[in-house]
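# Mind folding the following:
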Amino acid sequence: MKYSVIIPVYNSEKYLRKCIDSILAQKYKDFEIILVDDESKDLSAKICDDYAQKDNRVKVIHKTNGGTADSRNVGIRAASGDYIMFVDNDDYWKRKNTLEDIDCQLNESHADVLMYDTMEYWENENRFTQSGKTCKRQEIVNQPKEYALKTVIEQGILYRAVWAKVVKRQLIVDHNLLFEKGIRNEDTEWTAKMLLCAESYDWYEKVFYVYRKGTGEAQTDKRVTFKEVNDLKNILDKYITLADTIENSDFQKVFKSYLAFPYAVLMGQVQVLNNEEKKKIGMSTIKRYSTILNYDMDPTVKKVAWAKKILGYHMTAFLLKLYFMK
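You can find the predicted model right below:
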């Protein structure tokens with residue numbers, strides 16, 4: 001099968017070559033890399049063009065600046081693979097056998113989505129970290145979707161990040177699974193949509209995806225903003241309401257358990273805002289949704305739910321604020 005690896009590119013000249021090289025080094029050769037340059041101001045556009053001239057598996061699309069979500073959508077529309085993968089332009093893959101292994105698994109399972117764990121690279125400290133958790137493939141593959149997802153959530157490794165998934169392109173096309181432009185937390189929103197559409201899952205046990213932290217440039221390093229918090233609140237507004245309409249009770253519990261983690265994030269992040277921003281957000285609505293913490297399959301959510309029960313909502317939110325400000 002063929003794989004389309006979509007890389008949104010913006011001002012990443014420092015890391016882009018390592019990112020692209022790590023994918024081109026794959027022993028499995030039936031893939032394309034789609035570099036979507038979002039009007040970079042540095043040498044990133046030239047680097048993209050250089051790679052396209054050297055290897056016909058590399059395609060470059062230069063576009064007017066529109067953000068990561070827009071770049072991913074452009075990449076999706078240009079993709080021709082059977083499955084789609086996403087990579088951030090400052091991240092990279094560690095294993096040369098990754099695509100070969102994944103192709104072997106997907107030729108067997110034909111799953112809508114294959115998931116995997118990842119590792120972090122803290123550049124300022126030159127160290128790697130991993131969750132230390134894992135799933136066994138046999139616990140996921142060919143299992144009912146609610147059971148497979150429950151297993152991953154209970155291990156705390158159902159990531160919102162889109163680069164932790166391999167997704168069947170036809171699933172994306174059939175359900176118009178595009179990214180919402182102009183918002184933060186677009187991965188949380190997109191993954192929620194994907195969970196509502198996918199029917200079958202697979203799991204890759206080896207860790208290969210490395211994402212950088214501590215560079216000051218990664219989105220995860222940016223300080224919390226009103227827009228980020230408000231966008232997350234609006235996403236949860238939409239999907240918590242939608243979750244109540246899910247008829248499959250087991251899947252409804254799983255889907256609400258997925259939403260519980262970003263809700264815990266919202267609880268802490270909103271406390272970072274000033275009083276005027278909190279008023280705009282609507283604190284009463286956020287507090288009303290705290291019942292989502294009852295769906296505590298995720299181990300982190302379980303701790304937050306326990307703290308809320310013992311310490312109360314406000315003290316728990318304050319402790320989460322301290323966590324997000326550190």
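
# Just the element for residue 53, please.
Assigned by DSSP states H and E, residue 53 falls within helix 44-54.

# just checking, next helix/strand downstream of that helix?
Next along from helix 44-54, by DSSP H and E: strand 58-62.

# How about that next one, which residues are buried there?
For strand 58-62, a neighbour-count test (16 or more other CB atoms under 10 Å) marks 58-61 as buried. No exception for glycine: its C-beta is placed from N, CA and C like everyone else's.

# With stretch 296-306 instead?
Buried residues in stretch 296-306 (16+ other CB under 10 Å): 296-298, 301, 304-305.

# Just the strands from the stretch 1-150 of the chain, written as ranges.
3-9, 31-37, 58-62, 83-86, 92-93, 113-122, 127-130 (DSSP state E, counting those that start in this stretch).

# Provide the contact partners of the shortest one at residue level.
Counting by CB atoms under 8 Å, 6 or more residues apart in numbering, strand 92-93 makes contact with 15, 18-19, 21-23, 26, 87, 208-210, all of which sit outside it.

# now do the third one
Identification of contacts with strand 58-62 by CB under 8 Å, 6+ apart yields 20, 24, 32-37, 39, 45, 48-49, 51-52, 74-75, 78.

# again, but for the first one
Taking CB under 8 Å, 6+ apart as the criterion, the residues outside strand 3-9 that touch it are 16, 19-20, 23, 30-38, 40, 44-45, 48, 68, 71-72, 75-76, 79-89, 99, 102-103, 166, 169.

# for that strand, the distance to its chain's centre please.
14 Å (CA atoms, centre = their mean, to the nearest Å).

# Next: the fifth one.
Taking CA atoms, centre = their mean, one finds strand 92-93 lying 15 Å from the centre of the chain it belongs to.

# partner strands of whichever strand in the chain runs longest, parallel or antiparallel?
Secondary structure of the chain per DSSP state E: the longest strand is strand 201-213. According to DSSP bridges, strand 201-213 has the following sheet partners: strand 92-93 (antiparallel), strand 113-122 (parallel).

# what about residue 190, distance to residue 43?
To residue 43, residue 190 is 30 Å away according to CB to CB, to the nearest Å.

# the more surrounded of the two?
Counting neighbours by other CB atoms under 10 Å for residue 190 and for residue 43 shows that residue 190 has the greater number, 24 against 14.

# Quick check: that one touching residue 162?
Yes. Applying CB atoms under 8 Å, one finds residue 190 in contact with residue 162, separated by 6.0 Å.

# Report the buried members of the contacts of strand 3-9.
Counted by 16+ other CB under 10 Å, the contacts of strand 3-9 give 16, 19-20, 23, 31-38, 40, 44-45, 48, 68, 71-72, 75-76, 79, 81-89, 99, 102-103, 166, 169 as buried.

# Walk me through the domains of this structure.
3-220, 223-325 (automatic domain parsing).

# Which helix or strand lies directly C-terminal to the helix or strand harbouring residue 288?
Residue 288 is located in helix 283-288, with elements delineated by DSSP H and E. Next along the chain after helix 283-288, taking DSSP H and E as the criterion, comes helix 299-311.

# Point out the other elements, helices or strands, that the following helix or strand past that next one touches.
Following helix 299-311 in sequence order, the next helix or strand is helix 313-325 (DSSP H and E). Secondary-structure packing of helix 313-325 (3 or more CB pairs under 8 Å, 6 or more residues apart in numbering; DSSP states H and E): helix 249-269, helix 299-311.
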